[in-house]
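S.K.: my questions concern the predicted model and sequence given below.
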There are 2 protein chains.
Amino acid sequence: MGVRAQQKEKTRRALVDAAFNQLSAERSFSSLSLREVAREAGIAPTSFYRHFKDMNELGLTMVDEGGLTLRQMMRKGRQRAEAGGSVIRISVDTFIEVLESNPNVFRILLHERSGTSAAFRAAVEREIEHFISELAHYTEAQAKRTPELARAQAEALVILVFNAGASALDIKRSERKALADQLVLQLRMVATGAEALQQKMDNRA
Amino acid sequence: MGVRAQQKEKTRRALVDAAFNQLSAERSFSSLSLREVAREAGIAPTSFYRHFKDMNELGLTMVDEGGLTLRQMMRKGRQRAEAGGSVIRISVDTFIEVLESNPNVFRILLHERSGTSAAFRAAVEREIEHFISELAHYTEAQAKRTPELARAQAEALVILVFNAGASALDIKRSERKALADQLVLQLRMVATGAEALQQKMDNRA
DNA sequence: AAGTTGAGCGTACAATTGTACGCTAATTTA
DNA sequence: TAAATTAGCGTACAATTGTACGCTCAACTT
């Protein structure tokens, strides 16, 4: 890569990072202005256009990147689970850790999921879908579920986790343990219930 | 009430209604400007302040009102359920109907739940909490659950319903049936799982 | 009847926004 | 080496925003 392309990439990163850094509990992506992001990245407002068509394009980039980051971190956590122990418990703990170290990555997914841009919502849904289908396939193989049941179960699990994540962002660290415990309980409910429904179906056949 | 107070109340309503009417899939409350709302309500921008301290105060009013509306409609639906039939099924169907006839009421709750104002998030959480605790008490009495378990179960149910509501807003009407079916399946999972966990606990004691 | 209150208005202003346009200077290509 | 490309800048402008201030006049109080 030439010197020029390298520098361009560097500036582009600066823009993405600047945007991520400006996110907080009080500041959503849609409340960021092009000028603010450019300022934080240390370039002139008009230079922004050399990298992104508009703020929308930057935002979609962030959603894609964020989803990828999250999935990578969760995958690493799953490896830990293979050493033994409750899959649910370990996954929840991993998720909380991921959340604490990358709050803004989670925030943009969380917020834009119910945002005003259809493109954003679709992008977030796509990321969440990755989680769901990964989990559904795992469950289908592992626990011998109907595809339909596995799908519904996986979706319920992911939704509950995601939702707890949103709450976790809003509370003190000391309260997070209780939240994690309740989440584990809920996930067990779903898993147990799915198992029971599956058996009822099997018996009937 | 005097003529004067009456007129004031009327204008106040015009403001609230104007704001609700401007909400849509593409337009969130936080993207509304004070001037837009005033314009739609047919008053001068500065007159807005005679009714609300700022847009925040209007928004909180809307959340409270919206939550109330939703609860009232759901309660009406529950009466229908008392005539017999699956509580889950009827509740889900009611919810979908409520959603279709008041999309904007649901939207503001949905969006501000993950919004950037702590006050808004708290207000929405309060509304959702009403649903949860109503349901938890019902389940605790009806199905003889531990308070802890009843709470976790109720919360899981409400989250799943709420979440499905968000998806429902984004799809065609014809696809909503499938969504409702899957939701019912998920709710049954939770209910069945909670029952199983409860029995396991009872046996142990 | 006289005095007070307050809802609504119009004007005004400083901020901030997105972005069009044309320039510069360094890199890349030929 | 000469020409072409392009990342980044500065200037400029029209929109829009929230809100301070002071006025009016109908409704209410005394």
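M.R.: On my side now, so go ahead. Since the structure is predicted, the reported quantities are computational estimates derived from the model, not experimental observations.
S.K.: how is chain A carved up into domains?
M.R.: A:1-52, A:56-204 (automatic domain parsing).
S.K.: let me know which of those is tucked in deepest.
M.R.: domain A:56-204 (a mean of 17; mean count of other CB atoms under 10 Å in any protein chain shown). For glycine as for every other residue, the C-beta is placed from the backbone atoms N, C-alpha and C.
S.K.: returning to what we had before: indicate which one of the domains of chain A is closest to DNA strand D.
M.R.: domain A:1-52 (3.3 Å; CB to the nearest atom of the strand).
S.K.: how far out from the middle of the chain is that closest one?
M.R.: The chain centroid and the centroid of domain A:1-52 are separated by 22 Å, computed with CA atoms, centre = their mean, to the nearest Å.
S.K.: for that domain, what is the average pLDDT?
M.R.: The average pLDDT within domain A:1-52 is 97.
S.K.: check the separation of the first and last residues in that domain.
M.R.: 20 Å (CA to CA, to the nearest Å).
S.K.: quick check on residue A:164: phi, psi?
M.R.: phi -60, psi -30 (degrees, to the nearest 10).
S.K.: which ones are touching it?
M.R.: A:179, A:180, A:182, A:183 (CB atoms under 8 Å, 6 or more residues apart in numbering or on different chains).
S.K.: now do it against residue A:176, distance only.
M.R.: Per CB to CB, to the nearest Å, residue A:164 is found 10 Å from residue A:176.
S.K.: how about residue A:96?
M.R.: In terms of CB to CB, residue A:96 sits 6 Å off from residue A:176.
S.K.: joint contacts of these two?
M.R.: The contact lists of residue A:96 and residue A:176 share residue A:168, where a contact means CB under 8 Å, 6+ apart.
S.K.: who's in contact with the helix or strand containing residue A:4?
M.R.: Per DSSP states H and E, residue A:4 falls inside helix A:3-22. The contact list for helix A:3-22, computed with CB under 8 Å, 6+ apart, reads A:1, A:29, A:32, A:36-38, A:40-43, A:47-48, A:50-52, A:58-59, A:61-62, A:65, A:104-105, A:108.
S.K.: got the CA positions of whatever helix or strand residue A:38 lives in in CSV?
M.R.: Under the criterion of DSSP H and E, residue A:38 resides in helix A:34-41. This file holds the C-alpha atoms of helix A:34-41, laid out as CSV (Å, rounded to 0.1, in the frame of the first residue of the first chain):
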residue,chain,number,x,y,z
LEU,A,34,-20.5,15.7,11.0
ARG,A,35,-18.5,18.7,12.3
GLU,A,36,-18.1,17.3,15.7
VAL,A,37,-16.7,14.1,14.5
ALA,A,38,-14.4,15.9,12.0
ARG,A,39,-13.2,18.2,14.8
GLU,A,40,-12.5,15.3,17.1
ALA,A,41,-10.6,13.5,14.4
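S.K.: can you tell me which residues in chain A are near DNA strand D?
M.R.: Counting by CB under 7 Å from any atom of the strand, the residues of chain A lying close to DNA strand D are A:4, A:7-8, A:10-11, A:42-47, A:50-51.
S.K.: of the residues you listed, which pair is most distant in space?
M.R.: Farthest-apart pair in the residues of chain A next to DNA strand D is A:4 and A:45; separation 21.7 Å (CB to CB).
S.K.: run through the residues of chain A sitting next to DNA strand C.
M.R.: A:2-5, A:33-36, A:45-46, A:48, A:54-55.
S.K.: distance of the closest residue to DNA strand C within chain A relative to residue A:52?
M.R.: In chain A, the residue that lies nearest DNA strand C is residue A:2 (2.3 Å; CB to the nearest atom of the strand). Residue A:2 is 21 Å from residue A:52, where distance means CB to CB.
S.K.: swap in residue A:43?
M.R.: 12 Å.
S.K.: which residue ranges form the strands in chain A?
M.R.: For chain A, applying DSSP state E gives no strands.
S.K.: give me the nearest residue to whichever residue of it sits closest to chain B, chain neighbours excluded.
M.R.: As assessed by CB to the nearest CB, chain B sits closest to residue A:193 within chain A, at 3.0 Å. Distances taken as CB to CB, 6 or more residues apart in numbering or on different chains place residue B:193 nearest to residue A:193, at 3.0 Å, with adjacent residues excluded.
S.K.: check residue A:169 too.
M.R.: Closest to residue A:169 by CB to CB, 6+ apart is residue A:103, at 6.1 Å.
S.K.: again with residue A:40
M.R.: residue A:18 (3.8 Å).
S.K.: next one: residue A:161
M.R.: In space, and not counting its chain neighbours, residue A:161 is closest to residue A:95: 5.9 Å by CB to CB, 6+ apart.
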